[in-house]
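Q: Build me a model:
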Amino acid sequence: MPPWLSKKVLITVRTYPTPARKGIEVSCTAGVTDQGEWIRLFPVPYRFLDDDKRFKKYQWVEVRALRATDDARPESYKLDVDSIKIVSDPIPPQPNKWQARKDLVYPLRSPSLCWLQETRDRQHYPTLGIFRPAEITRLIMEPDAATWTPDQLARLRQHTLFNKMPATELEKIPFRFKYEFRCEASGCPEHSLTCTDWELGQSYRRYRREYGADLWETKFRDRFEKDMIEKNDTHFYVGTLHHHPNIWIIVGLFYPRK
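A: Coordinates of the predicted model:
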C-alpha cells in the first residue's frame, strides 16, 4: 500500500454535494498543492465536517492523503478527513482583480478543452484543468427531478456513530446546469458541459428564497450567464468523471472582471 503523505493544498474547487456511493453524501473537491500540482481529494463529506475543518475556496489547508488505489485518475488522493487543518484565511478576490489567485492558478492554465481532451486521450493525464473559453454561448438550465430517488434518500438518511448529522437534509436541485462554449482551438466542434459548481447550487437555493418564483431565474441568469459572458474574464475548472473517464464536466468557475 502506498504511504500516507502530507499535502498543503489551496482549495479551488468544491461541487454541490450528491448522495455518495459509499457513505452518505460527498462533494468533489480539488485544488493546487504548494508544489504547483493539481490534486483531487475524496471523500469530502463537507456538511458533516466539524466547524474548524470547514475550509472555504482559495484557503490553504494541510491534510494527510493517500494516492488512490481504486481511481485511475493520477491526481486523485484519498483524504484523511480527521487530518484537515486550515492554515490561512481565504485569499480575497480584491484588490487587483483576483491577481493573488491568478498567480497560483494561471501557471496550470491549459490552452483549451480540446487540448485537454486530446492530451488525456493520448497519455491518460491530466484529468483536471483550467482554461478560458474563446466564447461562451449560453447557460442551459435543463429541468431535472425535483426529489431524490428512494435509494438516494435512503443513503442520505443513514446515521453514523461517529459523525453528527447536518442540521438540514441535502436539498435536490431541480435543474442541470450546462454551459455551451467554443474553444480557442482551431476546428473546435463547440462543447456543452454540465456544471456542478457548488456556487450555482447554493445560488439557486438563495435566489429562489430571496426573489421568489417569478424573479429568481432572471437574477440567476444575470450573474451566471450575462456577467460570465459580458463582464467577466471567465475560465472553467474541468475534470473527468471517475467511472466515465472520457467525459469532462465543469467543476468550478474562475471569473475575475475583465
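
Q: Please count neighbours and contacts with C-alpha atoms only from this point.
A: OK.

Q: Name the nearest residue to residue 189, ignoring sequence neighbours.
A: Nearest non-adjacent residue to residue 189, counting by C-alpha to C-alpha, 6 or more residues apart in numbering: residue 182, 7.3 Å away.

Q: pLDDT value on residue 155, please?
A: The per-residue pLDDT reported for residue 155 equals 88.

Q: again, but for residue 95
A: In this model, residue 95 carries a pLDDT of 84.

Q: circling back to that earlier point, the residue nearest to residue 189 - how many residues pack around it?
A: The number of residues packed near residue 182 is 22, by other C-alpha atoms under 10 Å.

Q: Would you mind measuring from residue 45 to residue 208?
A: 25 Å (C-alpha to C-alpha, to the nearest Å).

Q: Surely the residue nearest to residue 189 touches residue 135?
A: Yes. If you go by C-alpha atoms under 8 Å, residue 182 and residue 135 touch, sitting 5.3 Å apart.

Q: and stretch 141-157, which residues are buried?
A: 148, 152, 155-156 (16 or more other C-alpha atoms under 10 Å).

Q: from those residues, which ones fall inside strands?
A: Cross-referencing these against strands under DSSP state E gives no overlap.

Q: which one of those is nearest residue 70?
A: residue 155 (21.2 Å; C-alpha to C-alpha).

Q: who's in contact with that closest one?
A: 19-20, 23-25 (C-alpha atoms under 8 Å, 6 or more residues apart in numbering).

Q: any idea how far it is from residue 9?
A: Residue 155 is 29 Å from residue 9, where distance means C-alpha to C-alpha.

Q: Just the mean pLDDT for the longest strand along the chain, thanks.
A: The strand that spans the most residues within the chain, counting by DSSP E, is strand 4-14. Taken as a whole, strand 4-14 carries a mean pLDDT of 97.

Q: Just list what that strand packs against, helices and strands only.
A: strand 29-33, strand 60-67, strand 248-254 (3 or more C-alpha pairs under 8 Å, 6 or more residues apart in numbering; DSSP states H and E).

Q: Pairing partners for that strand, with directions?
A: Neighbouring strands of strand 4-14 in its sheet, by DSSP bridges, are strand 29-33 (antiparallel), strand 60-67 (antiparallel).

Q: Next secondary structure element downstream of that strand?
A: Once the chain leaves strand 4-14, the next helix or strand it forms, by DSSP states H and E, is strand 18-19.

Q: quick one: strands adjacent to that next one?
A: By DSSP bridges, strand 18-19 pairs with strand 25-26 (antiparallel).

Q: ok, back up a step: flag every buried residue along the longest strand of the chain.
A: Buried, per 16+ other C-alpha under 10 Å, within strand 4-14: 7-14.

Q: Please state the offset of that strand from the chain centre?
A: 14 Å (C-alpha atoms, centre = their mean, to the nearest Å).

Q: ok, and what's touching it?
A: Outside strand 4-14, the residues within contact range by C-alpha under 8 Å, 6+ apart are 27-34, 39, 55-67, 197-198, 237, 251-252.

Q: Could I have the buried ones of those as ChimeraX selection syntax?
A: In ChimeraX, this line selects whichever of those come out buried by 16+ other C-alpha under 10 Å:
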select :27,28,29,30,31,32,33,39,55,56,57,58,59,60,61,62,63,64,65,66,67,197,198,237,251,252
